[in-house]
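K.L.:
Got a predicted structure here, sequence first:
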Amino acid sequence: MSSDGVQRPNDGAAGRSRQPLTATQFKKGQSGNPKGRPLKSFGQRMVVEKVLAEKQRLAGQPRGERVLYTNLELLIMTAKKLVDSGYQQATKLYTYLLGKYGTQEPVYRENGHIVIPQALTREEWEAKLMPKDDPPGDRNDVD
């Protein structure tokens, strides 16, 4: 109902054949989804893999040598040094890392292959696959 007491057709709840209420419509220049779609959440595994894959320059190297190592390689090298010095907990970590990321046996997969029944020269191929007769309607000699 409006201020003058007369009910207008656009007042009240919106239905199938009615226009949406002006109070709930988007204003000019305003988007229907201002914040946009939320970003994908990253799991712990993805974060750990990303950190382990980052490359670092090992401190104490000569300036001419620019060898980069991944964080995983540095972790394994550090664990190996600690194992060599007799640190017990490093032994557990080192064996775990070698089991998870160490050398793995190659997986045998049967590869596909192509069968070529015979090798043809260009002349043989053209003689075999080119049409013998002209198609109907393409005659150059008209009587």
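P.N.:
Right, received. Where do you want to start? Numbers count the residues shown, from 1 in each chain.
K.L.:
Confidence-wise, which helix or strand of the chain is lowest on average?
P.N.:
When the helices and strands of the chain are scored by mean pLDDT, DSSP states H and E, helix 122-129 comes last with a mean of 84.
K.L.:
and that one, how far from the chain's centre?
P.N.:
45 Å (Cα atoms, centre = their mean, to the nearest Å).
K.L.:
now for it, which elements pack on it?
P.N.:
Contact partners of helix 122-129 among helices and strands, from 3 or more Cβ pairs under 8 Å, 6 or more residues apart in numbering; DSSP states H and E: none. (Glycine included, C-beta is placed from N, CA and C.)
K.L.:
C-alpha coordinates for that helix, PDB please?
P.N.:
Coordinates of each C-alpha in helix 122-129 appear next as PDB, following Å, rounded to 0.1, in the frame of the first residue of the first chain:
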ATOM      1  CA  ARG A 122      54.900 -42.300 -54.200                       C
ATOM      2  CA  GLU A 123      54.000 -43.600 -57.700                       C
ATOM      3  CA  GLU A 124      52.500 -46.900 -56.200                       C
ATOM      4  CA  TRP A 125      50.500 -44.900 -53.700                       C
ATOM      5  CA  GLU A 126      49.100 -42.600 -56.300                       C
ATOM      6  CA  ALA A 127      48.300 -45.500 -58.600                       C
ATOM      7  CA  LYS A 128      46.500 -47.300 -55.800                       C
ATOM      8  CA  LEU A 129      44.500 -44.400 -54.300                       C
END
